[in-house]
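K.L.:
Here is a sequence together with a model predicted from it:
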Amino acid sequence: MSGIYLHIPFCRRACHYCDFHFSTSFKTYDGVVESILKELEHWSAAWHAPIQTIYFGGGTPSTLTKEDLGKILSVIREKFEVEPAAEITLEANPEDIHPSLLQAWKELGVNRLSMGVQSFFEDELLWMNRNHSAEKSKTSVKQAQDAGFENITIDLMYGLPVSSSTRWQENVESAIALNVPHLSAYALTVEERTALYHQIKKGELREPSEEEAHDQFIFLRRALLNAGFEHYEISNFAKPGWRSVHNGNYWNGVPYLGIGPGAHGYDGDVRRMNIANNAQYVNLIKREESWFETELLSVQDRFNELTMTHLRKAEGISLEEVQVRFGDDYKKHLMESAQSAIDKGWLEWKGDRLTLTEDGIFFADGITVDLMEA
Ligand code: SF4
């Protein structure tokens, strides 16, 4: 079992908070698509695990023409063993969505849509520099549902300095009213190299408040639990049966190929990072020179990665799994290093599983660092 992640590194506009790898210039578009096809062919010879999930992320994958999306999926189906019921996700900007494109995606086998809604307030979307309106998000979700897409997830962003608790509550209510089975929510973070960072540095904007973000997150969690969602990973909520298979596999250490500029992959032993530069990616693949770096994960790296990914899940970290995979010393380390967060009420044991409490969810990053083996 394995997956394929494809990074489509183009966006029509740069969101002010974003530090993902993308370009708003489409000059390299044809070259990137061609190189993605070559990269798929390159890795297919040595990749024998059946493909359970295909995920188009970015960037903005809905900038792909339906012809290019079709070419990529054809090569994947021709060169890899794709399971008949594979989950095929496409991240889509609401602005790109219209009924004929939805129909084309459906015919190509896309069966899960991820929409970057972020907010239902026009001024917040403008502030983020998103290129869609709140109304368009609602229409796009409805059009996708009418086109027969059941498996839809939307992204929301909380902790915006220009928002308020009342507005956030309205956002959450609007999201629930869309009747989608999955929702991801991310706190606004200020990353260097973003317009947001520079606005804050110049004093034009206040920094996001951690306290507000915390309160908004707790409101979201409780509202979604009441609406029948499971909180199955820190940033992810799903109705029963609608969890993301691709992300679930990623958190469980299932191997996946990372294709495209800036993509990361993992084959079970080695992590591979593609060059995050569109022109260089195209040129290196054309010249058949190496376009990626690799990192062989040590036992300690794997333990730390398990800690980081499993603690984020509702099921938490299984002590038995740690003992079987890493031995008694790591089991002892985990039990001892968890104690201080347990004493603060941030972690608890549920049987043999170490899980975050509701209070601990917001401190997960710091707790993870404490649990890691230095
Ligand atoms: S659409 Fe997504 S990837 Fe593109 S700039 Fe906005 S947040 Fe970043």
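P.N.:
Sure thing, it's come through.
K.L.:
quick check: domain ranges of the chain?
P.N.:
Using automatic domain parsing, the domain parsing of the chain gives 2-251, 299-371.
K.L.:
The residue of the stretch 201-350 of the chain found nearest the ligand and Y29: what is the separation?
P.N.:
Using Cβ to the nearest ligand atom, the closest approach of the stretch 201-350 of the chain to the ligand is made by G262 at 10.4 Å. Where you see a C-beta, it was placed from the backbone N, CA and C, and this is true even at glycine. Going from G262 to Y29 by Cβ to Cβ, to the nearest Å gives 15 Å.
K.L.:
give the contact list for the closest residue to F80 other than its chain neighbours.
P.N.:
Among residues not flanking F80 along the chain, I51 sits closest, at 5.0 Å (Cβ to Cβ, 6 or more residues apart in numbering). Applying Cβ atoms under 8 Å, 6 or more residues apart in numbering to I51 gives the contacts 2-4, 76, 80-83, 86.
K.L.:
one step back: wait, what's in contact with the nearest residue to the residue of the stretch 201-350 of the chain closest to the ligand once chain neighbours are set aside?
P.N.:
Nearest non-adjacent residue to G262, counting by Cβ to Cβ, 6+ apart: H21, 3.2 Å away. Contacts for H21 (Cβ under 8 Å, 6+ apart) come out as 7, 9, 59, 261-262, 276.
K.L.:
can you list those residues in a markdown table and add pLDDT and neighbour count?
P.N.:
What follows is the contacts of H21, written out as a markdown table (pLDDT from 0 to 100; neighbours: other Cβ atoms under 10 Å):
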| residue | pLDDT | neighbour count |
| --- | --- | --- |
| H7 | 98 | 25 |
| P9 | 98 | 26 |
| G59 | 95 | 25 |
| P261 | 98 | 28 |
| G262 | 98 | 19 |
| A276 | 98 | 17 |
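K.L.:
can you redo these as a markdown table with secondary structure?
P.N.:
Written out in a markdown table, the entries for those read as follows (DSSP: H, G, I helix; E, B strand; the rest coil):
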| residue | secondary structure |
| --- | --- |
| H7 | strand |
| P9 | coil |
| G59 | coil |
| P261 | coil |
| G262 | coil |
| A276 | coil |
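K.L.:
now for those, which pair is the farthest apart?
P.N.:
Greatest spatial distance in the contacts of H21: G59 and A276, 10.9 Å, computed using Cβ to Cβ.
K.L.:
Give me the common contacts of the two.
P.N.:
Residues touching both G59 and A276 (Cβ under 8 Å, 6+ apart): 9, 21.
K.L.:
Can you tell me the number of residues neighbouring the closest residue to E150 other than its chain neighbours?
P.N.:
Once flanking residues are discounted, E150 sits nearest to P181: 7.1 Å by Cβ to Cβ, 6+ apart. Neighbour count of P181, defined by other Cβ atoms under 10 Å: 17.
K.L.:
again, but for W346
P.N.:
Every residue meeting other Cβ under 10 Å relative to W346 is counted, giving 21.
K.L.:
Next up, the contacts around the nearest residue to it once chain neighbours are set aside.
P.N.:
Once flanking residues are discounted, W346 sits nearest to G360: 3.1 Å by Cβ to Cβ, 6+ apart. Neighbour list for G360: 341, 344-347, 367 [criterion: Cβ under 8 Å, 6+ apart].
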